[in-house]
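**Q** this one's sequence-less:
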């Protein structure tokens with residue numbers, strides 16, 4: 001069905017978004033977008049979520065998309081304001097998140113010296129292009145009013161069609177305000193293209209045959225497994241083969257992290273071969289966008305809906321662009337049909353795989369016992385308390401490269417989890433807010449982040465308070481950029497910096513930051529935990545505040561530093 005809409009350019013835009021089912025708009029308002037906000041004040045059907053920084057707002061939209069599966073829509077500001085969200089747009093690009101960023105545009109050469117307008121030779125949409133979907137999904141509507149609805153529907157289509165990713169759309173500020181415009185839109189079309197179906201029968205049979213013939217097939221389930229809801233099928237395939245499941249850099253828990261066949265991070269360690277007596281001879285990549293590093297196995301199979309990164313860095317022996325759940329179901333069924341009695345022997349052949357997975361857990365438990373009487377909270381002890389006390393239906397947003405998660409149950413039939421993916425700091429607070437808006441009051445949301453990451457986005461506590469997004473924020477506060485120090489020590493182990501423990505710019509204390517006080521100043525209650533004795537009562541209060549009282553709460557936990565140079569508190573001490 002088609003319908004005609006009339007009004008200002010802003011009204012055409014808002015109505016097009018509404019017809020696509022967009023319910024929330026995440027924004028830091030600006031003057032060039034006056035026409036959009038004027039239209040919203042008349043319509044008032046869509047909910048506006050305000051943040052005090054464009055990067056924070058983009059992270060909110062990203063977190064909302066990841067947990068809801070719906071497009072996250074950002075109303076950003078012209079030129080300089082748009083660049084403020086670049087770091088989080090980069091995270092969304094790496095993660096393949098379906099975001100639509102819309103901004104006004106003072107698109108005129110006569111505006112050379114007007115505030116945020118671009119100078120000659122620099123156009124707003126083009127400047128955003130490198131950090132949009134496939135470096136091509138950036139559009140500009142400068143003169144033709146009818147293009148507003150066309151460009152918006154195109155942007156929605158691009159954002160939601162594999163390979164998914166963020167799209168940027170700039171619209172002339174003058175067009176957004178111009179009255180008497182008319183355009184057609186597709187009523188309730190959602191502007192989505194049907195995705196690929198299951199793999200062909202002959203491909204399924206070829207995959208099942210090779211999986212069954214392998215002595216030790218390795219399974220890797222990527223983010224499209226989570227996106228397509230194929231967690232149960234992934235578990236059934238692993239159990240049918242009694243094969244080890246590994247993870248690479250991912251933004252979702254695509255295989256249950258406490259499953260007895262989950263063997264940690266890829267590449268396969270020498271310990272695995274030593275404990276199990278097995279040498280992997282095939283890797284099956286399902287819904288994986290890319291492997292961090294090379295692929296060591298001699299035979300490679302890859303399937304998924306997005307072929308963009310398939311086989312770019314390693315040869316593929318069998319590959320298929322297809323949807324994941326039904327394809328996995330068909331492969332699992334074909335294993336029994338093709339291999340018959342042989343299938344019953346796989347468990348015996350690979351019996352030590354579960355022993356290796358159990359070893360990873362026991363090593364972490366040993367570390368916890370080693371530190372259970374420490375005065376300062378060790379990261380492993382914090383991990384154990386979170387695993388014990390957090391609700392099992394919670395969603396965790398993580399922005400810490402050093403937080404330990406081995407004991408936390410993530411994945412199918414367990415806790416949800418997501419991380420930035422791109423590594424641009426400032427993701428966590430906004431993403432947690434978006435995630436909480438996506439799940440509503442039904443599921444708890446926990447934000448676990450480091451003190452270094454929080455500094456990039458602490459203004460988000462204000463948004464938490466305004467919309468009462470009941471998030472439990474746990475800060476692992478080690479007063480340093482620990483992951484950077486660890487990487488430096490690995491890269492230059494014999495340097496004077498490492499020998500003397502003088503790491504420039506990494507120590508974040510002196511002066512100390514009161515993060516709980518920072519949250520309270522913006523309307524969110526919180527407390528600081530300085531000793532292990534204080535940890536459990538504080539976490540119980542936090543869980544109670546967020547689940548029973550439906551209020552956000554912050555716990556700043558002073559945690560022990562780990563690794564080379566952990567004792568260093570040096571900084572270049574000079575004063576103006």
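**A** Done, it's in. Being a predicted model, the structure only gives us computed values, none of them experimental. Numbers count the residues shown, from 1 in each chain.
**Q** Phi, psi for the closest residue to residue 390 other than its chain neighbours please.
**A** Closest residue to residue 390 apart from its sequence neighbours, by Cβ to Cβ, 6 or more residues apart in numbering: residue 446 at 6.0 Å. Quick note: C-beta positions are derived from backbone N, CA and C, even for glycine. Main-chain torsions, residue 446, degrees, to the nearest 10: phi -120, psi 130.
**Q** So residue 446 versus residue 391, what's the distance?
**A** 9 Å (Cβ to Cβ, to the nearest Å).
**Q** With residue 19 instead?
**A** 37 Å.
**Q** Likewise for residue 504?
**A** With Cβ to Cβ as the criterion, residue 504 and residue 391 are 42 Å apart.
**Q** Between those two, which is the more surrounded one?
**A** Higher neighbour count among residue 504 and residue 391: residue 391, with 14 against 10, using other Cβ atoms under 10 Å.
**Q** which residues does that one contact?
**A** By Cβ atoms under 8 Å, 6 or more residues apart in numbering, the contact set of residue 391 is 444, 543, 547.
**Q** ok, and the most crowded of those?
**A** That'd be residue 444 among the contacts of residue 391, by other Cβ under 10 Å, with 21 neighbours.
**Q** Let's test this: mean pLDDT of stretch 318-332, rounded?
**A** The average pLDDT for stretch 318-332 rounds to 97.
**Q** what bits of this structure have low per-residue confidence?
**A** 1, 107-121, 187-191 (pLDDT under 70).
**Q** again, only this time at 80
**A** Low-confidence segments of the chain, defined by pLDDT under 80: 1-3, 107-122, 134-135, 185-192, 290, 292-293.
**Q** residue farthest from the centroid of it?
**A** In the chain, the residue that sits farthest from the middle, by Cα atoms, centre = their mean, is residue 341; the gap is 42.0 Å.
**Q** quick one, phi/psi of that residue?
**A** Dihedral angles for residue 341 - degrees, to the nearest 10 - are phi -60, psi -30.
**Q** what separates it from residue 212, distance-wise?
**A** For residue 341 relative to residue 212 (Cβ to Cβ), the value is 11 Å.
**Q** still on that earlier bit, and which of the contacts of residue 391 is nearest residue 371?
**A** residue 543 (22.6 Å; Cβ to Cβ).
**Q** doesn't residue 470 make contact with the closest one?
**A** No: look at residue 543 against residue 470 with Cβ atoms under 8 Å: they stay out of range, at 10.7 Å.
**Q** Give the residues shared as contacts by those two.
**A** In contact with both residue 543 and residue 470: residue 444, using Cβ under 8 Å, 6+ apart.
**Q** For the stretch 51-200 of the chain, which segments count as strands?
**A** Using DSSP state E, counting those that start in this stretch, the strands of the stretch 51-200 of the chain run over 72-76, 99-105, 138-141, 167-172, 181-186.
**Q** The third one: partners in the sheet, and parallel or antiparallel?
**A** By that I understand strand 138-141. strand 167-172 (parallel) (DSSP bridges).
**Q** got a list of contacts for the partner strand?
**A** 9, 13, 78, 82, 89, 99-107, 124-125, 128-129, 132-133, 137-143, 148, 151-152, 155-156, 158-159.
**Q** Could you pull up the residues touching the closest residue to residue 557 other than its chain neighbours?
**A** Among residues not flanking residue 557 along the chain, residue 529 sits closest, at 4.6 Å (Cβ to Cβ, 6+ apart). Residues near residue 529 by Cβ under 8 Å, 6+ apart: 377, 535, 538, 555, 556, 557, 558.
**Q** So which of those residues are in helices?
**A** 535, 538 (DSSP state H).
**Q** In strands, which of the contacts of residue 529 appear?
**A** Using DSSP state E, the members of those that fall in strands are 555, 556, 557, 558.
**Q** what ranges do the helices span in the stretch 351-500 of the chain?
**A** For the stretch 351-500 of the chain, applying DSSP state H, counting those that start in this stretch gives helices covering 352-371, 379-389, 428-439, 451-454, 460-467, 482-491, 496-500.
**Q** What of the stretch 1-150 of the chain?
**A** Counting by DSSP H, counting those that start in this stretch, the helices of the stretch 1-150 of the chain are 9-19, 34-43, 54-68, 79-84, 86-95, 124-128, 147-160.
**Q** Burial check on residue 286, number of neighbours?
**A** 25.
**Q** Cross-check the contact I'm expecting between it and residue 217.
**A** No: here residue 286 does not reach residue 217: they are 11.7 Å apart, not a contact under Cβ under 8 Å.
**Q** State the distance from residue 171 to residue 104.
**A** Distance, residue 171 to residue 104, by Cβ to Cβ: 6 Å.
**Q** got it, and residue 417?
**A** 36 Å.
**Q** more neighbours, these two?
**A** Between residue 417 and residue 104, residue 104 has the larger neighbour count (other Cβ under 10 Å), namely 32 against 23.
**Q** Now do the contacts for that one.
**A** With Cβ under 8 Å, 6+ apart, residue 104 has these contacts: 30-36, 77-78, 170-173, 176.
**Q** Of those residues, select the buried ones using a PyMOL command.
**A** Remark: buried members of the contacts of residue 104, expressed as a PyMOL selection using 16 or more other Cβ atoms under 10 Å:
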select buried, resi 30+32+33+34+35+36+77+78+170+171+172+173+176
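**Q** Out of the contacts of residue 104, which comes closest to residue 491?
**A** Nearest member of these to residue 491, counting by Cβ to Cβ, is residue 77, at 38.5 Å.
**Q** Ignoring the adjacent residues along the chain, who's closest to the closest one?
**A** Nearest one to residue 77, counting by Cβ to Cβ, 6+ apart, is residue 30 at 3.1 Å.
**Q** give me the element residue 258 is part of.
**A** In this structure, residue 258 sits in neither a helix nor a strand according to DSSP states H and E.
**Q** Quick check: phi and psi at it.
**A** The phi/psi pair for residue 258 (degrees, to the nearest 10) is phi -110, psi 10.
**Q** go on, residue 527?
**A** phi -150, psi 160.
**Q** Surely it touches residue 541?
**A** Yes: between residue 527 and residue 541 there is a contact at 7.5 Å, judged by Cβ under 8 Å.
**Q** Need the overlap of contacts for these two.
**A** With Cβ under 8 Å, 6+ apart as the test, residue 527 and residue 541 reach no residue in common.
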